[in-house]
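Visitor: predicted model follows, preceded by the sequence.
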Amino acid sequence: MKKINAQDVQQFHLNALLYGATGTGKTTSASTLPLKRTIIISAEAGILSLAGLDLEILVIESWADLTEAFVVVKNSPKDIVFVDTLTELNELAKVHILHELRPSLQRKTDKTYESSFSQDDWGELGRRMLTMIRSFRDLDKHVIMTCGESEREDQASGCIMVKPGLNGQARDQAPTLYDLVFRARVVRNGDKNEYYWQCQADETSAGKFRTPAGQVAPQTVKPNWSEVFASVLKKKGE
């Protein structure tokens, strides 16, 4: 155990979760980061929205790839890690668990294998996802993770809740692991779409804007990571 004084903390690294529906600009938001300082871990089928940008991208096709990618980013001089998306990594974790714990089934990786999961398998999935999130979050770097969203009815209130597109305990606990939790939103204004990030929780969705003492957390922010960093870290380029 070590003892520190909060007044001595001059720098810290941001960790953020950006979740939202398809088409709300989650992947595209990586283009608002300082590109030379950023390394991307992509499990998405396509990264067309980032085409032409000078970005280092590690393409993840299996859970084993993610383990290798963690070592790469940990040793990289780049100080910003962008993980896209937790939803697809969640699917890769399912495949890995099924093949590792239920190899006799030999199911194809077409997402129909979930009926083969036991309660223990679902528990293992949640543990693996939360452990992975903590491992990346605790790197000595700024870490941003994206995720799809899913709707579920709250049994107590009957309200439709919008949460990160994960399963079980990971869906409920993941938002608690970050300093910033934004929901990517889009509204139609005339003949064009307007994009924004909701950063405060409401009755149906999660949100969080944890900042140093003395800063007032906004309700929404523009979808721009460099501006978010400048606001929280108090100086551009930090």
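Guide: Arrived safely.
Visitor: name every strand pairing with the longest strand that the chain contains and say which way it goes.
Guide: As assigned by DSSP state E, the longest strand anywhere in the chain is strand 180-189. The strands that strand 180-189 pairs with in its sheet are strand 15-20 (parallel), strand 192-198 (antiparallel), strand 208-209 (antiparallel) (by DSSP bridges).
Visitor: out of the ones you listed, deepest packed?
Guide: Across those, the average number of neighbours (mean count of other CB atoms under 10 Å) peaks for strand 15-20, which reaches a mean of 27. For every residue, glycine as well, the C-beta is placed using N, CA and C.
Visitor: which helices and strands sit right next to whichever helix or strand comes after that one?
Guide: With elements assigned by DSSP states H and E, the helix or strand that comes after strand 15-20 is strand 38-42. Packed against strand 38-42 by the contact rule (3 or more CB pairs under 8 Å, 6 or more residues apart in numbering; DSSP states H and E) you find strand 56-59, helix 63-75, strand 80-84.
Visitor: try 10 Å this time
Guide: Strand 38-42 sits against strand 56-59, helix 63-75, strand 80-84, strand 142-147, with contacts defined as 3 or more CB pairs under 10 Å, 6 or more residues apart in numbering; DSSP states H and E.
Visitor: which SSE is Asp121 in?
Guide: Take DSSP H and E as the rule and Asp121 turns out to sit in helix 119-137.
Visitor: list the residues that contact the nearest residue to Leu66 once chain neighbours are set aside.
Guide: Excluding the flanking residues, the one nearest Leu66 by CB to CB, 6 or more residues apart in numbering is Ile60, at 5.3 Å. Shown in contact with Ile60 (CB atoms under 10 Å, 6 or more residues apart in numbering): 41-44, 66-69, 83-84, 88-89, 92.
Visitor: quick check: the gap between the residue sitting nearest the centre point of the chain and Gly190.
Guide: Centroid check for the chain by CA atoms, centre = their mean gives Met145 as the closest residue, at 2.4 Å. To Gly190, Met145 is 33 Å away according to CB to CB, to the nearest Å.
Visitor: average pLDDT for stretch 218-238?
Guide: Stretch 218-238 carries an average pLDDT of 80.
Visitor: show me what counts as buried in that stretch.
Guide: Going by neighbour count (16 or more other CB atoms under 10 Å), the buried part of stretch 218-238 is 221, 223-225, 228-229, 231-233.
Visitor: again with stretch 120-135
Guide: Going by 16+ other CB under 10 Å, stretch 120-135 has these buried residues: 121-122, 124-126, 128-130, 132-133.
Visitor: ditto for stretch 170-185
Guide: Using 16+ other CB under 10 Å as the test for burial, stretch 170-185 gives 170-171, 174-175, 177-185.
Visitor: re earlier: export the buried residues of stretch 218-238 to a markdown table and tack on secondary structure and distance to Phe117?
Guide: Listed next are the buried residues of stretch 218-238 as a markdown table, based on DSSP: H, G, I helix; E, B strand; the rest coil; distance: CB to CB, whole Å:
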| residue | secondary structure | distance to Phe117 |
| --- | --- | --- |
| Val221 | strand | 37 |
| Pro223 | coil | 35 |
| Asn224 | coil | 39 |
| Trp225 | helix | 35 |
| Val228 | helix | 37 |
| Phe229 | helix | 39 |
| Ser231 | helix | 42 |
| Val232 | helix | 39 |
| Leu233 | helix | 42 |
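Visitor: this completes my enquiry, with thanks.
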